[in-house]
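Peer 1: Dropping the sequence and predicted coords here.
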Amino acid sequence: MKIGYSMWGFLTAGVLDTPDGSRAYRRPLIDRLNDAGYQVVLLQANRDLDEAGVDLRGAYCFDAGLPELSAVIFEWRWPLPGRNTTACGSEGHTCDLHRQQGLIEHYTLGRSTPTLVWDLDRQLPADDPLRGHPAVTVAEYALLPNPGAVTVTCPVPDEAIDDSEPGDLARRARPLDLVYVGNQYGRDDAFTTFFAPAAAHLAHRVAGKWPRTEAWPHVTFTGRAPFDEVATIHAAALATVLLLPERYRAAGHQTSRLFEAVTQGCLPLTPADTACADAFAPEVLHVHDGADVLTKTRWLRRLSGSSEHRDLIATCLTYLEPYRLSRQAAMLLHALYQLTADRPPLCDSDSERTRA
């Protein structure tokens, strides 16, 4: 009944200097699996304790060894030169990649333990041998995943949807017209096309790590924000733009920024050329360029606080329904159970548990 979970991140808000977007759902996901009767064993370093000073050892199981496991889930890590490719113990080294490789060698390659590689950043090479290993399923956020992979989208905590009341969200004061919360990584083209032109005419803010901003001197960049301020930033704005790197855009790979915005009533202007754009937002919120972003944001400002504004927020909340965490947790378990078809089940309970 033990499921190993390898992740390089936090269960709490963690620290400021991290791109760990999976904090938005990771703890509720692990809670969901534990509550369903599985014991999740966290296999990477306890960064909440080591870096943020938060001790969760009484509530969660951490193991730096090689415990007996029924299955393993990897939030996939990849080489980052100068960080996780350097020698252990050297300055600036993080051991996430070395630990992941050790776990792969022991469980997946050594024992054929059912393994789910969750390629959250679309970094697993197309020719990686793991893709063809009989004990491995690769999962992606993408609605158009790579051949052989399955879709397990970015999970939206059920409570985040259920606690969002469109009328209350529409009545909120929103001093900002447009925000973006997130890091630069590969988003320059989308930012130049959609966000920057509109920002010249709108009250706006960009929060995140953007080290190269010379091309947009008129844009207000405020640096990284603490994770627990993300909701506050979205709550203060009418709209965001769902900016994606090309490898995400072409595959319909959406991140936590979608639900972090929508559940705060910040409407998601969605580039119309995003693959599967209709799965993320209604067509009225699709945009084709910066002029479109400006026009639609000004339209939203005129609607602000009205019944039409409320109904549009309500519609966007319904777009989150397929991505509920409860459904995505079931998809993860289903993928693991598929790998156990010719071996003993993950636990002795009946098959209904896997669909809980």
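Peer 2: That came through fine.
Peer 1: so where is the chain shaky, pLDDT-wise?
Peer 2: Scanning the chain for pLDDT under 70 picks out the ranges 341-356.
Peer 1: all strands of the stretch 251-356 of the chain, in order?
Peer 2: Remark: strands of the stretch 251-356 of the chain, listed N- to C-terminal, are 267-271, 286-287; assignment by DSSP state E, counting those that start in this stretch.
Peer 1: right, I mislabeled it, should have said the stretch 51-200 of the chain
Peer 2: According to DSSP E, counting those that start in this stretch, the stretch 51-200 of the chain carries its strands in the segments 61-62, 71-75, 115-118, 136-140, 150-151, 176-181.
Peer 1: For Asp189, find the nearest of those strands.
Peer 2: When the strands of the stretch 51-200 of the chain are ranked by distance to Asp189, counting by Cβ to Cβ, first place goes to strand 176-181 at 14.2 Å. Any C-beta I mention is one placed from the backbone N, CA and C, and that applies to glycine too.
Peer 1: strands paired with that closest one, and their directions?
Peer 2: Using DSSP bridges, strand 176-181 pairs in its sheet with strand 204-207 (parallel), strand 237-241 (parallel).
Peer 1: closest to Arg187 out of the strands of the stretch 51-200 of the chain?
Peer 2: Proximity of these to Arg187 was assessed by Cβ to Cβ; the nearest stretch is strand 176-181, lying at 8.7 Å.
Peer 1: So what angle separates the directions of that closest one and strand 267-271?
Peer 2: Orientation of strand 176-181 against strand 267-271 (axes from the mean of the first three to the mean of the last three Cα atoms, to 10 degrees) gives an angle of 70 degrees.
Peer 1: Figure out how far strand 176-181 is from the centre of its chain.
Peer 2: For strand 176-181, the distance between its averaged C-alpha position and the chain's averaged C-alpha position is 19 Å (Cα atoms, centre = their mean, to the nearest Å).
Peer 1: one step back: export the strands of the stretch 51-200 of the chain to CSV and tack on mean neighbour count and distance to Leu285?
Peer 2: Below are these laid out as CSV (neighbours: other Cβ atoms under 10 Å; distance: least, Cβ to Cβ, whole Å):
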stretch, mean neighbour count, distance to Leu285
strand 61-62, 16, 42
strand 71-75, 25, 30
strand 115-118, 25, 28
strand 136-140, 23, 24
strand 150-151, 16, 23
strand 176-181, 24, 13
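Peer 1: Indicate which one of those strands is closest to Asp311.
Peer 2: Shortest separation from Asp311 across the strands of the stretch 51-200 of the chain is recorded for strand 176-181, at 20.1 Å, computed as Cβ to Cβ.
Peer 1: What lies in contact with that closest one?
Peer 2: Residues from elsewhere that reach strand 176-181 (Cβ atoms under 8 Å, 6 or more residues apart in numbering): 191, 195, 198-199, 202-208, 225, 230, 233-234, 236-241, 243, 257, 260-261, 266, 293, 297-298, 300-301.
Peer 1: Among those residues, name the buried ones.
Peer 2: Neighbour-count burial (16 or more other Cβ atoms under 10 Å) applied to those gives 191, 195, 198-199, 202-208, 230, 233-234, 236-241, 243, 257, 260-261, 266, 293, 297, 300.
Peer 1: need the contact list for Glu105.
Peer 2: Applying Cβ under 8 Å, 6+ apart, one finds that Glu105 lies in contact with no residue.
Peer 1: List the ones among the contacts of strand 176-181 that fall in helices.
Peer 2: Applying DSSP state H to the contacts of strand 176-181, the entries found in helices are 198-199, 230, 233-234, 257, 260-261, 293, 297-298, 300-301.
Peer 1: The residue nearest to Trp76 when sequence neighbours are not counted: neighbour count?
Peer 2: The shortest distance from Trp76 to any residue that is not its chain neighbour, by Cβ to Cβ, 6 or more residues apart in numbering, is 4.7 Å, and that residue is Asp119. Applying other Cβ atoms under 10 Å, we find 24 residues neighbouring Asp119.
Peer 1: mind listing what Asp119 touches?
Peer 2: Applying Cβ under 8 Å, 6+ apart, one finds that Asp119 lies in contact with 76, 138-140, 149.
Peer 1: what about Asn34, which SS state?
Peer 2: Here Asn34 is helix, with the state taken from DSSP: H, G, I helix; E, B strand; the rest coil.
Peer 1: Brilliant, that's me finished.
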